[in-house]
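>>> quick check, what structure comes out for this input:
(chains A and B)
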Amino acid sequence: MNISRREFLQMLAVASASGISLSACDSDSVAQTGVKASAKPGAPYELPPFGNVSLMHYTDCHAQLLPVWFREPSINLGIGDMKGRPPHLVGEKFLAHYGIQPGSREAHAFTYLNFVEAARQFGQIGGFAHLATLVRKVREQRPGALLLDGGDTWQGSGTAYWTKAQDMVDAQKLLGVDIMTPHWEMTYGADRVMEIIENDFQGQIDFVAQNVVDNDWGEPVFPPYVMKEINGVPTAIIGQAFPYTPIANPGYMIPDWSFGIRDDRMQKMVDEARGKGAQVVIVLSHNGMDVDLKMASRVTGIDAIMGGHTHDAIPRPVVVDNAGGQTLVTNAGSNTKFLGVLDLDVRNGKVAGYRYHLLPVFASLLPADPAMAAYIDKVRAPYKDKLAEKLAVTDELLYRRGNFNGTFDQLICDAMIDVQGAQIAFSPGFRWGVSVLPGEPITFEHVMTQTAITYPTVTLNNMSGTRIKEILEDVADNLFNKDPYYQQGGDMVRVGGLKYSITPAATMGSRISDLELDGKPLDPDKEYAVAGWASVAAPVEGRPVWDVVAEYLRDKKTIHDIELNQPTIKGESGNPGLA
Amino acid sequence: MINMKRRTFLKGTVAAGAVGTAVGAGLLTPRMVMAAWPSAAFEAKSVDSVLDTLLGSHELEGSDKISIRAPDIAENGAVVPVSVTTEIANPESISIVAEKNATPLTASFLLGAGAEGFVSTRIKMGQTSSVIAVVKADGKIYSTGKEVKVTIGGCGG
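Residues are numbered from 1 along each chain as shown, chains lettered A, B, ... in the order given. Take a look at the predicted model:
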């Protein structure tokens, strides 16, 4: 038998090694086709072990220690070659592609469909105490398995902000994270990052990033990779930090460091690790999935890129061909909703087969780990009353995720216009921020999950119509550039007050049209009062955005009939990324 | 004296501003700088006129023997690191042109005989543009380009 790794991967890709196992436990759903139930009925998380090298992966948890509601997007457009391909599939198109039964638990975890009713039926997802139980279970099934954290762990909650990430750092250690790579971590500033690595992480968590170098000499700031022996198999884990951190987030917080994709250095690191005897090479990536896919086609010798950043929850790996063979690309969602488990069968120094599961962390099916639950209680205690403040009640589903606007973003824009007396409001196209179900109170904690960043000041500037269009064009190009290496991975800036149309497939400078304010065309030469927050240019003094939103909500008391200001999308009817 | 000229030229072309330093440090007299400085090329407003002025022609031949290394998206448009490597034999000069800059020529390096075809500098870019590396060798002009995006920033992930 002399089957190359390439042939093996091809065979396995055909045999489709993935399996979403949870449907078997859902008594309401009928047997499905296309998805292999690899677990026993009634025991959804009893995954039969496979191979000898296993890696667990979660990413972009955004500091959500407690279980969440999180609505997946109904608009996630792929442009050019990316059109209609994972991750750019939403709703029924997503279910059909992966053979997931509509109405099932997995359909709820992976899509926005029927979100409110399904949320009530299946309950909340994620949270560190439930994730800890699942991690322990997988470790028992797979001794030696490593736990990889893809970053965006230290940011996204009130407690993470107030403790300068200490709540999450201690939670990572308790969870048993082995290796991580960063993005939002950097927004606590270089000194805080180094303090955590040199003290808290020392001897326990490896912080790896091959694509961060110092500005003066181009020398690496962090170890590019770490070698671990898993059941006797030397395995290299290479870190890939978010390449555009100093652009998408404030560069002044990390003034001495340069990022970038640096796939030439990635190739060198892969070759170096192989030269040192690595039989398995994994990239722990915060590139965003489109960038991961392109990188997998250009760099050779990587067995799997396990990615995050764009918050795409993808049930099956994408198998990418390159000059050296094939590379698997996985992306594991966000907000503690999922745990990815990659099993590799390594024989004679090579990967001979794989299995992959992306497991939704249903809180009702996984009892809370007592130690983690006690830790979370303790770390939240000093902030509990402040977080629990009920600001208003919502009659509507509040959510953020999607290419253009979400109802929670609309509230933020409305609040900025109302409280600051602006004509137009811009709110960043972040992909984090949990959902609130109709009938639930909107707490201060909810507001913090939408806004907790280290540069939260609201701004009010006069901008010309020309400048406003330029900003929209610039952000649209970061989202819809046909070359993923020129994308930054956020969604479109959310816009309050101003109406516009967008042609995503057009080129930079010609995507945005029909700009209109109060029924009149935007005057290119006239100045308008524009409110915003999260300015990356330089530190600004002023109110944090959560104060502005909280003030607005306290005043409103109930939220209903939200007028979602969505742009008119041109030229994309029939795009499987558009519901 | 060839070496001396190359040295003064290099000093003068490091992303602008270094001339003042060199003069201030007493390394050069102002007359020496002006003699070595192709001011017309650095003031030219289009890529073609830069090349005509600097190299005597704008007939560029695309070459896969030049590689340009620059970020896909600039972290700071004021200091964009660019390096150029060429395997073309006997390169006489390597110039770096940012097409959309008001004055596109950002740097020009004269290479002595036997010099390795490698230069590295930081350039200033006002907006998203193609950055073109131009290599002169044996009377011919070769080039390759790469798009470098300059963005407002913010709003990521």
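>>> what's near enough to touch residue B:88?
Residue B:88 is in contact with B:63, B:65-66, B:117, B:135, B:137, B:142, counting by Cβ atoms under 8 Å, 6 or more residues apart in numbering or on different chains. All C-beta spots, glycine's among them, are computed from the backbone N, C-alpha and C.
>>> of the residues you listed, which is the most crowded?
When neighbours are counted as other Cβ atoms under 10 Å in any protein chain shown, the busiest of the contacts of residue B:88 turns out to be residue B:135, with 27 neighbours.
>>> sort out for me which of the contacts of residue B:88 are in strands.
The members of the contacts of residue B:88 that map onto strands under DSSP state E are B:66, B:135, B:137, B:142.
>>> which of these sits closest to chain A?
Closest approach to chain A among the ones in strands among the contacts of residue B:88 (Cβ to the nearest Cβ): residue B:66, at 15.6 Å.
>>> let me see the domain layout of chain A.
Following automatic domain parsing, one finds the domains of chain A at A:5-68+A:124-375, A:389-569.
>>> ditto for chain B
B:1-37, B:40-148.
>>> how many other residues sit next to residue A:563?
The local packing of residue A:563 (other Cβ under 10 Å) involves 9 other residues.
>>> and the closest residue to it other than its chain neighbours, how many neighbours?
Setting aside the residues directly before and after it, residue A:563 is nearest to residue A:410 in space (Cβ to Cβ, 6 or more residues apart in numbering or on different chains), at 7.2 Å. Using other Cβ under 10 Å, residue A:410 is surrounded by 24 other residues.
>>> gap between residue A:410 and residue A:446?
14 Å (Cβ to Cβ, to the nearest Å).
>>> over to residue A:164?
22 Å.
>>> those two - which one has more neighbours?
The neighbour count for residue A:164 versus residue A:446, taken as other Cβ under 10 Å, is higher for residue A:446 (25 against 16).
>>> contact partners for that one?
By Cβ under 8 Å, 6+ apart, the residues touching residue A:446 are A:398, A:434, A:436.
>>> let's see that with 10 Å instead.
Listed by Cβ atoms under 10 Å, 6 or more residues apart in numbering or on different chains, the contact set of residue A:446 reads A:158, A:387, A:390-392, A:394, A:398, A:408, A:433-436, A:440, A:549, A:553.
>>> if we can go back for a sec, rank the domains of chain A by pLDDT, which is bottom?
Ranked by mean pLDDT, the domains of chain A bottom out at domain A:5-68+A:124-375, with a mean of 90.
>>> ok, that domain near chain B or not?
Yes. Applying Cβ under 10 Å from any Cβ of the partner chain, one finds domain A:5-68+A:124-375 touching chain B at A:60, A:62, A:151-152, A:183-184, A:215, A:218, A:242-251, A:254-255, A:257-262, A:264, A:286, A:288, A:291, A:308-311, A:334.
>>> name the residues of stretch A:378-388 that are buried.
A:379-380, A:383, A:387 (16 or more other Cβ atoms under 10 Å in any protein chain shown).
>>> for chain B, which segments count as helices?
Using DSSP state H, the helices assigned to chain B run over residues B:2-13, B:18-24, B:30-36, B:39-43, B:47-55.
>>> cool, and the stretch 201-350 of chain A?
A:245-248, A:263-275, A:289-298 (DSSP state H, counting those that start in this stretch).
>>> and chain B, which of its residues are near chain A?
When proximity is defined as Cβ under 10 Å from any Cβ, chain B approaches chain A at B:67, B:69-76, B:79, B:81, B:83, B:120, B:122, B:128, B:147-157.
>>> and whichever residue of the stretch 301-450 of chain A sits closest to chain B, its phi and psi?
Distance from chain B to each residue of the stretch 301-450 of chain A (Cβ to the nearest Cβ) is smallest for residue A:428, at 4.3 Å. With angles defined as degrees, to the nearest 10, residue A:428 sits at phi -60, psi 150.
>>> around it, how many other residues sit close by?
25.
>>> can you check residue A:460 too?
14.
>>> what of residue A:139?
Neighbourhood size, residue A:139 [other Cβ under 10 Å]: 16.
>>> that one and residue A:63: what is the separation?
23 Å.
>>> likewise residue A:228?
Residue A:228 is 26 Å from residue A:63, where distance means Cβ to Cβ.
>>> ok, and the closest non-adjacent residue to the residue in the stretch 51-200 of chain A that chain B sits nearest to?
Nearest to chain B, among the residues of the stretch 51-200 of chain A, is residue A:183, at 6.5 Å (Cβ to the nearest Cβ). Excluding its sequence neighbours, the residue lying closest to residue A:183 (Cβ to Cβ, 6+ apart) is residue A:242, at 3.5 Å.
>>> dump the residue contacts of that neighbour.
Going by Cβ under 10 Å, 6+ apart, residue A:242 touches A:150-152, A:181-186, A:209, A:211-212, A:248-249, A:259, A:285-288, A:291, A:308-309, A:488-489, B:156-157.
>>> can you do 6 Å?
Contact partners of residue A:242, counting by Cβ atoms under 6 Å, 6 or more residues apart in numbering or on different chains, are A:183, A:286, A:309.
>>> mind putting the residues you listed into JSON lines with neighbour count and distance to residue A:204?
Listed next are the contacts of residue A:242 as JSON lines, based on neighbours: other Cβ atoms under 10 Å in any protein chain shown; distance: Cβ to Cβ, whole Å:
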{"residue": "A:183", "neighbour count": "31", "distance to residue A:204": "21"}
{"residue": "A:286", "neighbour count": "31", "distance to residue A:204": "20"}
{"residue": "A:309", "neighbour count": "33", "distance to residue A:204": "24"}
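>>> tell me which of these is nearest to residue A:453?
residue A:183 (12.2 Å; Cβ to Cβ).
>>> torsion angles phi and psi at that closest one?
When quoted as degrees, to the nearest 10, the phi and psi of residue A:183 stand at phi -140, psi -80.
>>> correct me if wrong: it contacts residue A:152.
Yes. Counting by Cβ atoms under 6 Å, residue A:183 touches residue A:152, with 5.2 Å between them.
>>> hmm, residue A:534 and residue A:458 touching each other?
No. Using Cβ under 6 Å as the test, residue A:458 is too far from residue A:534 to be in contact (9.1 Å).
>>> neighbours of residue A:231, how many?
By other Cβ under 10 Å, 14 other residues sit near residue A:231.
>>> now do the one 3 residues further on
Taking other Cβ under 10 Å as the criterion, the count of residues near residue A:234 is 19.
>>> hmm, it is touching residue A:278, no?
Yes. With contact defined as Cβ under 6 Å, residue A:234 counts as touching residue A:278 (5.2 Å).
>>> give me the spatial nearest neighbour of residue A:243, chain neighbours excluded.
residue A:261 (4.6 Å).
>>> and the residue nearest to residue A:563, that one's in a strand?
No. In this structure, residue A:410 is helix, not part of a strand, as judged by DSSP: H, G, I helix; E, B strand; the rest coil.
>>> return the subset of the buried residues of stretch A:378-388 lying in strands.
Assignment to strands by DSSP E places none of the buried residues of stretch A:378-388 there.
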